[in-house]
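Participant: how would this look folded up:
(chains A and B)
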Number of protein chains: 2
Amino acid sequence: METVASRNLKFDANGLIPAIVQDAESNQVLMMAYMNEESLRLTLQTKQAHFWSRSRDELWHKGGTSGNIQKVIDIRVDCDADTILILVQPAGPACHTGQQSCFYRNMGQAS
Amino acid sequence: METVASRNLKFDANGLIPAIVQDAESNQVLMMAYMNEESLRLTLQTKQAHFWSRSRDELWHKGGTSGNIQKVIDIRVDCDADTILILVQPAGPACHTGQQSCFYRNMGQAS
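Facilitator: Modelled structure (predicted):
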């Protein structure tokens, strides 16, 4: 598989890049969050997902409080290098509601 | 599954919401793009994925030119209602490079 260096990622005007998190085993999409350069560096260094919390405006070690850390198995980069896909092995639910995935609801009109 | 009405989705300051596209059968994550209210309405109406192209600044019927349309099977909404996950049956590759998924590269440092 072709590789992309982190310096070639395109962060947006706020210094963030969207990161989709997918369970490496079940392939369930668990959540989407944003990374800045520091959280990406920590993710690569520790192999545990780190994000930038836009609501709290601070670095966010996923599972740092709840224990539901996400062990990083692989990081994929899209064709524009402006979105990443993180394959993880989660220690517990991804969602603060206790659901395995944050995408636990659907749109009424689509079904 | 609990449902969310489209009027309760949270579009960002530019009127957009990120939409992750996943193959409903293989569970492969294919791409991420953005929708505005009009593209979401057309997606619901036609059951074919429509987006807003930020680079071309125009409505984008996925596959309208290439023929690689994405038939919409379900639309999921995350806990914050600010990201959607679209499960599709794709008629062909999602990526303009001809790859099945836009996430065909990985980060060297993560492996």
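Participant: which residue ranges form the helices in chain A?
Facilitator: A:37-46 (DSSP state H).
Participant: can you tell me how far A:V88 sits from B:Q99?
Facilitator: Note on A:V88: its distance to B:Q99, by CB to CB, to the nearest Å, is 22 Å. For every residue, glycine as well, the C-beta is placed using N, CA and C.
Participant: And those two? Which one has more around it.
Facilitator: Between A:V88 and B:Q99, counted using other CB atoms under 10 Å in any protein chain shown, the more crowded position is A:V88 (24 against 16).
Participant: correct me, but the more buried one touches A:V72?
Facilitator: Yes - counting by CB atoms under 8 Å, A:V72 is a contact partner of A:V88 at 5.7 Å.
Participant: residues shared between the contacts of these two?
Facilitator: A:A49 (CB atoms under 8 Å, 6 or more residues apart in numbering or on different chains).
Participant: Quick check: which ranges of chain A have low pLDDT?
Facilitator: A:109-111 (pLDDT under 70).
Participant: would you list every one of the strands in it?
Facilitator: Per DSSP state E, chain A carries strands over the ranges A:3-4, A:17-23, A:29-35, A:50-53, A:58-61, A:70-77, A:84-90, A:105-107.
Participant: would you list these in JSON lines and tack on distance to chain B?
Facilitator: Output for the strands of chain A, formatted as JSON lines (distance: least, CB to the nearest CB, whole Å):
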{"stretch": "strand A:3-4", "distance to chain B": "4"}
{"stretch": "strand A:17-23", "distance to chain B": "6"}
{"stretch": "strand A:29-35", "distance to chain B": "5"}
{"stretch": "strand A:50-53", "distance to chain B": "12"}
{"stretch": "strand A:58-61", "distance to chain B": "14"}
{"stretch": "strand A:70-77", "distance to chain B": "4"}
{"stretch": "strand A:84-90", "distance to chain B": "5"}
{"stretch": "strand A:105-107", "distance to chain B": "4"}
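Participant: Same list (those) but as TSV, adding distance to B:E2.
Facilitator: Listed next are the strands of chain A as TSV, based on distance: least, CB to CB, whole Å:
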stretch	distance to B:E2
strand A:3-4	37
strand A:17-23	21
strand A:29-35	17
strand A:50-53	25
strand A:58-61	26
strand A:70-77	24
strand A:84-90	22
strand A:105-107	5
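Participant: List the buried residues for stretch A:70-84?
Facilitator: A:70, A:72-73, A:75-79, A:83-84 (16 or more other CB atoms under 10 Å in any protein chain shown).
Participant: Kindly reformat these as JSON lines containing distance to A:S6.
Facilitator: Below are the buried residues of stretch A:70-84 laid out as JSON lines (distance: CB to CB, whole Å):
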{"residue": "A:Q70", "distance to A:S6": "18"}
{"residue": "A:V72", "distance to A:S6": "13"}
{"residue": "A:I73", "distance to A:S6": "17"}
{"residue": "A:I75", "distance to A:S6": "9"}
{"residue": "A:R76", "distance to A:S6": "13"}
{"residue": "A:V77", "distance to A:S6": "9"}
{"residue": "A:D78", "distance to A:S6": "14"}
{"residue": "A:C79", "distance to A:S6": "17"}
{"residue": "A:T83", "distance to A:S6": "14"}
{"residue": "A:I84", "distance to A:S6": "10"}
